[in-house]
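Enquirer: Take this sequence and fold it.
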Amino acid sequence: MKIAMIGTGYVGLVSGVCFSDFGHDVICVDRLPEKIALLERGEVPIYEPGLNAVMERNVAAGRLRFTTDLASAVDGADAVFIAVGTPTRRGDGHADLTYVLAAAEDVARAMTGPTVVVTKSTVPVGTNRRVAAAIRAANPQAVFDVASNPEFLREGAAIEDFMKPDRVVVGVESARAREVMGAIYRPLFLRDFPIVYTDLESAEMIKYAANAFLATKISFINEIAALCERVGADVKAVSRGIGLDGRIGNKFLHAGPGYGGSCFPKDTSALARIGQEHGVPQRITETVMAVNDQIKRRMIDKIIDLCGGSVNGKTIAVLGVTFKPETDDMRDAPSLTIVPALVGGGARLRVVDPHGRKEGEALLPGVEWHEDAYTAAAEAECIVILTEWNQFRALDL
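Expert: Purely as a prediction, here's the structure:
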């Protein structure tokens, strides 16, 4: 199949590279010339374990290319994937669809034959129908189908998740769209990975519901952790004890400083707004968001208490500032709430993160960056581990 991938952010780049590894002919498109130049040099603009190697072998095989020319990429494509950003809209919490709809219009004007336009971005219910309307308005003669194909990639394990997914969700309304999507994902179907076909609205809702449920598990165990500290229980033992129940499962039950990243904060906010607009408030999701904010503030108070009621003049080593290990992503990381509060309280912060410095230097002013955890910890009154990088697990505390 010939595939055009619009957007070379986290989702678009990983998806495009992996599709090419399936044997498809993939062209990844981005408006930023400097980003395309970087990719053409074989450099990956994000940190994702294993991505470099997969990209390199498929470029060498001639199955993967990068361009700023959307029209040439869309020309003759069997499927065009829209994988652009849907950030939280300022002021109302909704997903901003500006980039998605603009991409749909650009694709419409570039189509030269029957095409399946696939929304890979995380979008509110009803967006795929808006994409179809935008295409029809921009090019009334276009022959196309739309499909919804939400991603379920964990940063730090994205290649594994794409190649060995729990499931692939595909929302379609026509036999042709189902046939094209079936051909694209045939390598996974042949290896018995579940391909779930639904209507467009259900596919859109599955993504939000899945992320909201996982965020709920995180906020739940963090509240339990706070209670454990008061009553003398060990939250790790509690987590293991409930996680062994098959109805609950052990994933996303690790207590910490709250969730962050590119998906959970944005998607819980969007789901809450969708519920409000349709008169069906998502009370659990709204509470999950509130609890997550409280957890971050509780961490600040905990550190201050451990330092005797004030951090003024104290040296504190912070190990890990990315929102999770095995990524350089700082989006909505708990560190962005906790570290500035400590700096504002007069603390001298020494920060160590294997891959967070590139983004973190601009986001966390007033801190000292160190490469070595032991150097950062020397003479510090307090050591705070905010991200569970494997490098920090083996430290001689």
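Enquirer: chain center to stretch 116-133: distance?
Expert: Taking the mean of its C-alpha atoms, stretch 116-133 sits 18 Å from the chain's own mean (CA atoms, centre = their mean, to the nearest Å).
Enquirer: Quick check: mean pLDDT of it?
Expert: Stretch 116-133 carries an average pLDDT of 96.
Enquirer: how about the strands in the stretch 101-250 of the chain?
Expert: Secondary structure of the stretch 101-250 of the chain by DSSP state E, counting those that start in this stretch: the strands cover 115-119, 144-148, 168-171, 195-198.
Enquirer: The second one relative to strand 115-119, how many degrees between them?
Expert: Following axes from the mean of the first three to the mean of the last three CA atoms, to 10 degrees, one obtains 20 degrees for the angle between strand 144-148 and strand 115-119.
Enquirer: Strand 144-148 packs against which elements?
Expert: Contact partners of strand 144-148 among helices and strands, from 3 or more CB pairs under 8 Å, 6 or more residues apart in numbering; DSSP states H and E: strand 115-119, helix 127-138, strand 168-171, helix 175-184, helix 200-231. Bear in mind the C-beta positions are built from the backbone N, C-alpha and C, glycine included.
Enquirer: Can you report phi and psi for Lys358?
Expert: phi -60, psi -50 (degrees, to the nearest 10).
Enquirer: thinking it is in contact with Thr322, fair?
Expert: No - if you go by CB atoms under 8 Å, Lys358 and Thr322 don't touch, sitting 10.1 Å apart.
Enquirer: what is in contact with those two at once?
Expert: Common neighbours of Lys358 and Thr322, using CB atoms under 8 Å, 6 or more residues apart in numbering, are Asp328.
Enquirer: out of the strands of the stretch 101-250 of the chain, nearest to Ala394?
Expert: strand 168-171 (36.3 Å; CB to CB).
Enquirer: quick one on the thing from earlier: more neighbours, Lys358 and Thr322?
Expert: Thr322 (28 against 11; other CB atoms under 10 Å).
Enquirer: want to throw the strands of the stretch 101-250 of the chain into TSV with distance to Phe220 and mean neighbour count?
Expert: What follows is the strands of the stretch 101-250 of the chain, written out as TSV (distance: least, CB to CB, whole Å; neighbours: other CB atoms under 10 Å):
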stretch	distance to Phe220	mean neighbour count
strand 115-119	31	27
strand 144-148	29	25
strand 168-171	25	22
strand 195-198	26	15
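Enquirer: Reformat those as JSON lines; add distance to Ala215.
Expert: Below are the strands of the stretch 101-250 of the chain laid out as JSON lines (distance: least, CB to CB, whole Å):
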{"stretch": "strand 115-119", "distance to Ala215": "22"}
{"stretch": "strand 144-148", "distance to Ala215": "21"}
{"stretch": "strand 168-171", "distance to Ala215": "18"}
{"stretch": "strand 195-198", "distance to Ala215": "21"}
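Enquirer: Which one of the ones you listed lies nearest to Arg57?
Expert: Using CB to CB, the nearest of the strands of the stretch 101-250 of the chain to Arg57 is strand 168-171, at 22.7 Å.
Enquirer: Give the rounded mean pLDDT of the closest one.
Expert: The average pLDDT for strand 168-171 rounds to 98.
Enquirer: could I get it in CSV with only the CA atoms?
Expert: Extracted in CSV, the C-alpha atoms of strand 168-171 (Å, rounded to 0.1, in the frame of the first residue of the first chain):
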residue,chain,number,x,y,z
VAL,A,168,-6.1,-2.2,16.7
VAL,A,169,-9.2,-0.1,16.6
VAL,A,170,-10.6,0.9,13.2
GLY,A,171,-13.8,3.0,12.8
